[in-house]
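Colleague: below is the structure, and that's it, no one-letter string:
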């Protein structure tokens, strides 16, 4: 059922003085605005909110051309804003990737991989890149090289696991040219067998450069397909109520060539997500050359409300960067790091550029702050430019005080939801309980925004991150964050809306539902404020609106959004499996949870039985215990 309604009889005297383009009514609206925290109606005209109120306020805002959508008493929230998302790079590759985000068992994941390998044409790869960990699987483990070889004997398969490792099948090892003579770059390891030949396992030790450079050897999409891939990725983000993101740059994201897809979509008016992007120098030793060229030609804020430059980072120079592979010791800082960082920061300050800086460990943050304070001593920092640290899992109380004194902010992510077990095993449960120390950040009055760091590690699903902020458990259910380091739901949502808007200098324009702000909102599948904590990560948006335009519609609202373009290439994993894997929420009574688990197990068993039968591997009447495949033997 499409929940729009005719407007005849609503407009006063049959005419509206300033009719809205879109009205969402009968919602339980959480505005995020302390001056008016709740409402039931939001009206949008020319991309901006013209009314936040109730039904009695509507008549003068509704005219013959107004689309009125009944929210069916569902929860309505400001559009979500991921403050650290690699959305540009993720969009270029989305249609090439098999997503294991949310898949509940390794058995299912391997079945997906095997089916995808059969439809992947010669010369192409099957790639699983981020958004999952072995801890989420019922089997509590990673796939083996043998299982990848059995699932895809001829098609190259590359499986990236967090910042830690990559698993390649035999065909992928051949495709990238690894041999007994191959030499890994510093910080990486090619695991070898007894014969000296590569086994197919690559390790970050601790740098992930080997993993990413190997992935980069795979085929890429053609230019027009990159446009389509980006469209579909933005639509997938809209599925979860995301209306904005701050792109963190990242390795293998060159400017301007890798920004061409979002620039072209912006020119065509086809973006469905507002993007504030950062520029990230790609080559060690050439960082200052890149920064000089960029600062000479553009300034933060250039662009429009859909696509705009936000500054430099999350690396300014390669030498000060640390690595977040928690299975390895913290890397030591190179001697030249401070000088290279100081030169980059001074250049940016002289040009009026803000920046963000990747820093996982307190040791890194302390050293960076030493550089900033040295610049401040001669009046050079911060000179009014916005700046913030990303990640900050182990930042100390003293470090927070110094960040506050220098006018900095923070962007935190739910990386511990995926990597927390490895962190706890290395540094202990006490350290993990306070990583990152979100409550202490907030108590100091610091601006703290939230995000995911998707797509190569955490999933892009923002509700996983929101659940982490509130619940403090890993994707496998392990409790990490101490109660005193978790936040209430209203605070978590504010970190995901208004705080992110302030990091991009748009705090007066978005992040809250208030007259004059952008018409960005989401109507949720479940009420974020009342569902059991363990169900938060299962929330989706049923209606996502950006600038008054409906960009995503599902469930009761299906049909209200403009249809997507056909997926190309047609063999894309997204065409068959979609993106994030939807599973029933775990909340409710033990009986309900048990029933759901039994139903899911039965469905997987029947799916596998049918797969065997259709390929002639088993007769129709074969008993269940005879239906098996070597690929799935544990």
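Modeller: It's in. Predicted model, so just to flag it, every value in this text is computed and none were measured.

Colleague: pLDDT on the helix or strand hosting residue 82, on average?
Modeller: Using DSSP states H and E, residue 82 sits in strand 80-85. Averaged over strand 80-85, pLDDT sits at 98.

Colleague: what's the helix or strand just after it in contact with?
Modeller: Once the chain leaves strand 80-85, the next helix or strand it forms, by DSSP H and E, is helix 87-93. The contact list for helix 87-93 (CB atoms under 8 Å, 6 or more residues apart in numbering) reads 127, 129, 220-221, 226, 229-230, 233-234, 237, 245, 247, 250, 252-253, 258-259, 261-262, 273, 275, 277, 454-455, 460. (Glycine included, C-beta is placed from N, CA and C.)

Colleague: which among the residues you listed end up buried?
Modeller: Among the contacts of helix 87-93, the ones that count as buried by 16 or more other CB atoms under 10 Å are 127, 129, 221, 226, 229-230, 233-234, 237, 245, 247, 250, 252-253, 258-259, 261-262, 273, 275, 277, 454-455, 460.

Colleague: strands of the stretch 151-300 of the chain, residue ranges please.
Modeller: Ranges of strands in the stretch 151-300 of the chain, per DSSP state E, counting those that start in this stretch, are 157-161, 165-168, 188-192, 198-204, 242-247, 274-279.

Colleague: got the angle between the longest one and strand 157-161?
Modeller: On the basis of axes from the mean of the first three to the mean of the last three CA atoms, to 10 degrees, strand 198-204 is oriented at 30 degrees to strand 157-161.

Colleague: quick one: contacts of stretch 373-381?
Modeller: 342, 345, 346, 349, 372, 382, 402, 406.

Colleague: got those residues as CSV, with pLDDT, secondary structure and distance to residue 365 columns?
Modeller: As requested, the contacts of stretch 373-381 are exported to CSV (pLDDT from 0 to 100; DSSP: H, G, I helix; E, B strand; the rest coil; distance: CB to CB, whole Å):
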residue, pLDDT, secondary structure, distance to residue 365
342, 97, helix, 15
345, 97, helix, 14
346, 97, helix, 19
349, 96, helix, 19
372, 97, helix, 10
382, 91, coil, 16
402, 98, helix, 8
406, 97, coil, 11
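
Colleague: so how do I select the buried members of those in ChimeraX?
Modeller: The buried subset of those, as determined by 16+ other CB under 10 Å, is captured in ChimeraX by this line:
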select :342,345,349,372,382,402
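
Colleague: so which pair among the contacts of stretch 373-381 is furthest apart in space?
Modeller: Spanning the widest gap among the contacts of stretch 373-381 are 346 and 402, at 18.8 Å by CB to CB.

Colleague: which residues touch residue 387?
Modeller: With contacts defined as CB under 8 Å, 6+ apart, residue 387 is in contact with 311, 354, 355, 356, 357, 407, 408, 409.

Colleague: residue ranges with poor pLDDT in the protein?
Modeller: Under the criterion pLDDT under 70, the flagged ranges of the chain are 1-17, 588-634.

Colleague: show me the residue at the heart of it, geometrically.
Modeller: residue 460 (2.7 Å; CA atoms, centre = their mean).

Colleague: need the contact partners of stretch 389-399.
Modeller: 84, 248, 313-314, 324, 356-362, 365-366, 368-369, 403, 408-413, 415-416, 423, 427, 431, 435-437, 440-441, 453.

Colleague: for stretch 147-159, same thing?
Modeller: Residues from elsewhere that reach stretch 147-159 (CB under 8 Å, 6+ apart): 110, 113-114, 117, 120, 124-129, 143, 166-172, 174-176, 200, 214-215, 218, 630-631.

Colleague: buried ones among those?
Modeller: For the contacts of stretch 147-159, a burial check counting by 16+ other CB under 10 Å picks out 110, 113-114, 117, 120, 124-129, 143, 166-172, 175-176, 200, 214-215, 218, 631.

Colleague: so of the residues you listed, which ones are in helices?
Modeller: 110, 113, 114, 117, 170, 171, 172, 175, 176, 214, 215 (DSSP state H).

Colleague: quick check, nearest of those residues to residue 475?
Modeller: Using CB to CB, these come closest to residue 475 at residue 110, 18.4 Å.

Colleague: circling back: now the ones in helices among the buried ones among the contacts of stretch 147-159 in a markdown table, with distance to residue 42?
Modeller: Putting those into a markdown table (distance: CB to CB, whole Å) gives the following:
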| residue | distance to residue 42 |
| --- | --- |
| 110 | 45 |
| 113 | 43 |
| 114 | 46 |
| 117 | 46 |
| 170 | 55 |
| 171 | 52 |
| 172 | 49 |
| 175 | 51 |
| 176 | 51 |
| 214 | 47 |
| 215 | 42 |
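
Colleague: quick one, what contacts residue 338?
Modeller: With CB under 8 Å, 6+ apart, residue 338 has these contacts: 320, 367, 370, 371.

Colleague: just the helices in the stretch 501-634 of the chain please.
Modeller: Taking DSSP state H, counting those that start in this stretch, the helices of the stretch 501-634 of the chain run over residues 573-577, 590-614.

Colleague: if we can go back for a sec, out of the contacts of residue 338, which are buried?
Modeller: Using 16+ other CB under 10 Å as the burial test, the contacts of residue 338 include 320, 367, 371 as buried.

Colleague: name the element the last one belongs to?
Modeller: Assigning secondary structure by DSSP H and E places residue 371 in helix 362-377.

Colleague: select only the buried ones of the contacts of stretch 389-399 in PyMOL?
Modeller: The PyMOL command for the buried members of these (criterion: 16+ other CB under 10 Å) is given here:
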select buried, resi 84+248+313+314+324+356+357+358+359+360+361+362+365+368+369+403+408+409+410+411+412+413+415+416+423+435+436+437+440+441+453
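
Colleague: restricted to helices, list the contacts of stretch 389-399.
Modeller: The helices in this structure, assigned by DSSP H, contain 362, 365-366, 368-369, 403, 415-416, 423, 427, 431, 440-441 from these.

Colleague: what's the closest of those to residue 567?
Modeller: Using CB to CB, the ones in helices among the contacts of stretch 389-399 come closest to residue 567 at residue 415, 29.8 Å.

Colleague: quick revisit: which secondary structure elements does the strand holding residue 82 contact?
Modeller: Where contact means 3 or more CB pairs under 8 Å, 6 or more residues apart in numbering; DSSP states H and E, strand 80-85 is packed against strand 242-247, strand 409-413, strand 448-451, helix 462-471, helix 498-503.

Colleague: can I get those in TSV including distance to residue 65?
Modeller: As requested, the helices and strands packed on strand 80-85 are exported to TSV (distance: least, CB to CB, whole Å):
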stretch	distance to residue 65
strand 242-247	23
strand 409-413	40
strand 448-451	37
helix 462-471	33
helix 498-503	30
